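Undergrad: I'd like to go over a predicted model; first the sequence, then the structure.
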Amino acid sequence: MDTRTTPTPAFDMVLFGGAGDLVMRKLLPSLYQAHAAGLLNQQGRILALGRKELSRDDYLAFVEKNSRQHVKAHFDAAAWDSFCARIEYLKVDASQPRDFPALADKLKGDDDRVVVCYLATAPNLFAGICENLAAVGLNSGNVRVVLEKPLGTDLDSSNEINDDVARFFKEEQLYRIDHYLGKESVQNLMAIRFANALFEPLWRREWIHDVQITISEDLGVGSRGDFYDGTGALRDMVQNHLLQLLCIVAMEPPANMEADAVRDEKLKVLKALRPFSEQDVAAKTVRGQYKAGAVGGQPVVGYLSEQGIPADSQTETFVALKAEIDNWRWAGVPFFLRTGKRMQERLAEIVINFRDVPHQLFNGPMSGSHTANRLVIRLQPEESIRLYFLAKEPGDTMRLQPAYLDLDFYKAFKVRRADAYERLLLDVIRGKLALFMRRDELIEAWRWVEPIMDSWSRSSNLPPKQYTAGTWGPAASSALLSRDGIGWHEEC
Ligand code: BG6
């Protein structure tokens, strides 16, 4: 069935934290896009919950003011109005059991109707919400729960949340969201690997020298200082988004595209990640913190001067590390991961560096060039796939120049593309779990990052390395790669 054009089944989308930032910036705009594209069942309702006493009109006015501006493309006033007709508001304090019977009342009716409870709240409310839902019978098979990150701050706290939630909901009712998995190019990476005969034979240690995965942001911590300072880049980005991307690059072909087949393969990768010893953390990780600089020509303050950040904070806003996967396919191939705030530009990309040819036939400056033999998968700002290789310069010469084959998705496929949240929300309503994290994946991811967190917290005498806002991070990040005789993609 072509799900690009088939409307979802009938549903109730219950948004806990209905007046919050995530709902305004991402969830409602994404649901609107799906609505405008005709992908939401006519019988689909959106029920926003919040603690404030608001009439439906008050809430819609709030949405108009705070959410509409985040609709990026295809805004159509008539479609927006018909979208708003789906929305209702209910005053529910998520921590108060007495508020839940009214919710159950609103949702009662058809038992087969899909009910999605999206917990866009602080994670310390998750357990209570699940318990309260169950107490009014809202945990039957047709109810799905979407859990937003952060799911804990370490393995123990993550286990605690997952244990609590599991008391009321089965694993197959739980959708742990990592919005990076909803990005079109991530799924395209699977298509490229597993639908083409060209790459898979080369996708291994014999032919790949190293892999680089970067998610850089030009923004700082903005108004999220309080949250961010207790979190840091390792928990905020590496434990989830970067590791999920690494899994998609490194996993074995699944037997099929069913959720568990895909998640089983990702889990094997996470289990094969080489654990970091104390010495490894010192040698193979770099943590940084931005200081004042300029981004896009505009001066910006350093992390320690951001709102809500203690003057002596040692929280990292940048991480680079060298990961290794101990299995037959990847033994000896370094996976360099890097992420940071206030970097030179907003960019997310995966770079696969293939090995040099075994024998150089051509002399000259470009032979054996590191810019060739490279596949670059861009997730943002634009989505593209580029294959770099060496070609002969035209004319009476045997000089080589790097060139690339470019697949620009905007140009190649002139169809509307769903953003990550839209894609994932549609998957929840349709009951497709493949792009959501299973609990065991989460456990392994925490298990792997914990020694890094622990070692960093023990070495408080070694503060994060400073980097100037608007750069690619501390110099140590380049040094991490130069020990393997290479540089980050943009340095080559
Ligand atoms: C979120 C992090 O998960 O991802 C944010 O909490 C970060 O700190 C964001 O800014 C980045 O997502 P994207 O899709 O804008 O790259």
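TA: Received it, and whenever you're ready, just let me know what you need.

Undergrad: Go ahead and confirm Val165 touches Pro123.
TA: No. If you go by C-beta atoms under 8 Å, Val165 and Pro123 don't touch, sitting 9.9 Å apart. C-beta here means a position set from N, CA and C on the backbone, and glycine is covered the same way.

Undergrad: In terms of neighbours, single out the busier of those two.
TA: Val165 (24 against 19; other C-beta atoms under 10 Å).

Undergrad: The closest residue to that one other than its chain neighbours: which element?
TA: In space, and not counting its chain neighbours, Val165 is closest to Cys130: 5.1 Å by C-beta to C-beta, 6 or more residues apart in numbering. Per DSSP states H and E, Cys130 falls inside helix 126-135.

Undergrad: Arg417 now?
TA: Per DSSP H and E, there is no helix or strand for Arg417.

Undergrad: and the closest residue to it other than its chain neighbours, how many neighbours does it have?
TA: Spatial nearest neighbour of Arg417, chain neighbours left out: Glu184 (5.6 Å); criterion: C-beta to C-beta, 6+ apart. Glu184 is flanked by 17 other residues according to other C-beta under 10 Å.

Undergrad: Same check on the one 3 residues further on?
TA: A total of 16 residues lie near Gln187 under the criterion other C-beta under 10 Å.

Undergrad: so who does it touch?
TA: Neighbouring residues of Gln187 by C-beta atoms under 8 Å, 6 or more residues apart in numbering: Leu435.

Undergrad: pLDDT wise, what is it at?
TA: Looking at Gln187, its pLDDT stands at 88.

Undergrad: and the one helix or strand it maps to, which residues are buried?
TA: Using DSSP H and E, the element containing Gln187 is helix 184-195. Buried residues in helix 184-195, counted by 16 or more other C-beta atoms under 10 Å: Glu184, Ser185, Val186, Gln187, Asn188, Leu189, Met190, Ile192, Arg193.

Undergrad: need the contact list for the fifth one.
TA: Contact criterion C-beta under 8 Å, 6+ apart gives Ile377, Glu383, Ile385, Phe409 as the residues in contact with Asn188.

Undergrad: how near is the third one to Asp408?
TA: It refers to Ile385. 9 Å (C-beta to C-beta, to the nearest Å).

Undergrad: of those two, who's got more company?
TA: Neighbours were counted for Ile385 and for Asp408 using other C-beta under 10 Å; Ile385 has more, 20 against 13.

Undergrad: So what touches the helix or strand bottoming out on mean pLDDT in the chain?
TA: Every helix and strand of the chain was ranked by mean pLDDT, DSSP states H and E. The lowest is helix 409-412, at a mean of 76. For helix 409-412, contacts defined as C-beta under 8 Å, 6+ apart pick out Glu184, Ser185, Asn188, Glu382, Glu383, Ser384, Arg417.

Undergrad: quick revisit: so what's the residue count around the residue nearest to Val165?
TA: 25.

Undergrad: ok, now Gly340?
TA: 29.

Undergrad: With Ala37 instead?
TA: 17.

Undergrad: ok so, going back, out of the contacts of Asn188, which are inside strands?
TA: Ile377, Ile385 (DSSP state E).

Undergrad: How about the residues of this protein by the ligand?
TA: Selection of the chain residues close to the ligand by C-beta under 6 Å from any ligand atom yields His179, Glu217, Asp236, Ala348.

Undergrad: Do you know the pLDDT at the last one?
TA: As summarised for this prediction, Ala348 has a pLDDT of 97.

Undergrad: go on, the first one?
TA: The model reports His179 with a pLDDT of 95.

Undergrad: In contact with it, which residues?
TA: Lys26, His241, Ala420, Tyr421, Leu424.

Undergrad: quick one: low-confidence ranges for the stretch 101-250 of the chain?
TA: The stretch 101-250 of the chain contains no residues with pLDDT under 70.

Undergrad: cutoff 80 now
TA: 109-112 (pLDDT under 80).

Undergrad: ok, now the stretch 301-450 of the chain?
TA: For the stretch 301-450 of the chain, the ranges with pLDDT under 80 are 363-371, 408-412, 414-416.

Undergrad: For stretch 196-206, list every residue counted as buried.
TA: Phe199, Trp203.

Undergrad: how many neighbours does the closest residue to the ligand within the stretch 151-300 of the chain have?
TA: Of all residues in the stretch 151-300 of the chain, Asp236 sits closest to the ligand, at 4.7 Å by C-beta to the nearest ligand atom. For Asp236, the count of nearby residues is 22 (other C-beta under 10 Å).

Undergrad: Nearest residue to it in space, please, no chain neighbours.
TA: Closest to Asp236 by C-beta to C-beta, 6+ apart is Tyr228, at 6.9 Å.

Undergrad: Since that was my last question, I'll sign off now.
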